[in-house]
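> quick one, fold the following:
(one chain, ligands or ions: 1)
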Amino acid sequence: VRTSRTLPTAAVVPAAGRGERLGPGAPKALRQVGGEPLLVHAVRGLWRSGAVDLVVVAAPPGTASDVANLLAEAVPGVEARVVEGAAARQQSVAAALAALDSDTDVVLVHDAARAFTPPDVVRRVVQAVRAGAPAVVPVVPVTDTIKQVGDDDAVQATVDRTRLRAVQTPQGFRRDVLERAHREHAAAATDDAALVEALGEKVAVVDGSDEAFKVTRPLDLVLAEALLRSRAD
Ligand code: C5P
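Here you go, the predicted structure:
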């Protein structure tokens, strides 16, 4: 469902990371999987969900016009804007937020690196925000046992796994809440929901998907190629 005129939904896509954990090469969002950059897969998935009206990409510095051309060619009909990202993820998100239209009410923040996120996850997040949640994150159960380790390299505690969730993107927000969170909580955070939590606002969870994994390490590229092949079958 394309959003109505009165509730436009924009997706902000931070894509300016170097991707150092992937090893040497192009910035992560521009690395190829299945013959196309991760960013193209990510933007195509958002657009095909039918749940967003505009995509704003924070591109690696110096690549904005190339990225705009790339997206126009690879994702026909996409309504996209490209700004330059910055040294920290949060600054990249802030740069993209500054490029939104004044009538945008719902904002998703989606890592370019979660390039294969199924469209139903995108729709679930948007629907939960439209249903009244100020902030929404997709989550999956944690499969490993998680232990807290001290400076002495010894285990301090085993965390109760049943209460833990791994958090994915897209994270969805009422635009006013997300902008206030970015204004008032500049401290470094690894996701946007953490800034909203710092405001004291409730963050709701919806089901994520294993396929929304973040391409981070070399093995993730192997998984991504295999996933694309299995979807093509
Ligand atoms: O580093 P991490 O994997 O957490 O990055 C998540 C997303 O944030 C990636 O899509 C990456 O391109 C983006 N990012 C960014 N600007 C940065 C760092 C990361 O847009 N300075």
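
> did I read that right, Ala188 in a helix?
No: counting by DSSP: H, G, I helix; E, B strand; the rest coil, Ala188 is located in no helix; its state is coil.

> next, count neighbours for it.
Neighbourhood size, Ala188 [other CB atoms under 10 Å]: 9. (C-beta placed from N, C-alpha, C; glycine too.)

> what residues does it make contact with?
By CB atoms under 8 Å, 6 or more residues apart in numbering, the contact set of Ala188 is 88, 90.

> look up how far Asp103 lies from it.
Using CB to CB, to the nearest Å, we find Ala188 at a distance of 31 Å from Asp103.

> let me see the backbone angles for the closest residue to His110 other than its chain neighbours.
Leaving aside its sequence neighbours, His110 sits nearest to Pro170 (CB to CB, 6 or more residues apart in numbering; 3.8 Å). With angles defined as degrees, to the nearest 10, Pro170 sits at phi -70, psi 140.

> against the ligand, how distant is Pro170?
12 Å (CB to the nearest ligand atom, to the nearest Å).

> same thing with Ala232?
24 Å.

> go on, Asp151?
Distance, Asp151 to the ligand, using CB to the nearest ligand atom: 24 Å.

> now the terminal residues of stretch 130-144, how far apart.
Terminal residues of stretch 130-144 lie 33 Å apart, using CA to CA, to the nearest Å.

> sorry, slip of the keys, the one I care about is stretch 179-195.
Stretch 179-195: ends 10 Å apart by CA to CA.

> in that stretch, what counts as buried?
179-182, 185, 189, 191-195 (16 or more other CB atoms under 10 Å).

> so for the longest helix anywhere in the chain, what gets flagged as buried?
With secondary structure taken from DSSP state H, the chain has its longest helix at helix 218-232. Buried positions in helix 218-232, judged by neighbour count with 16+ other CB under 10 Å: 220-221, 223-224, 227-228.
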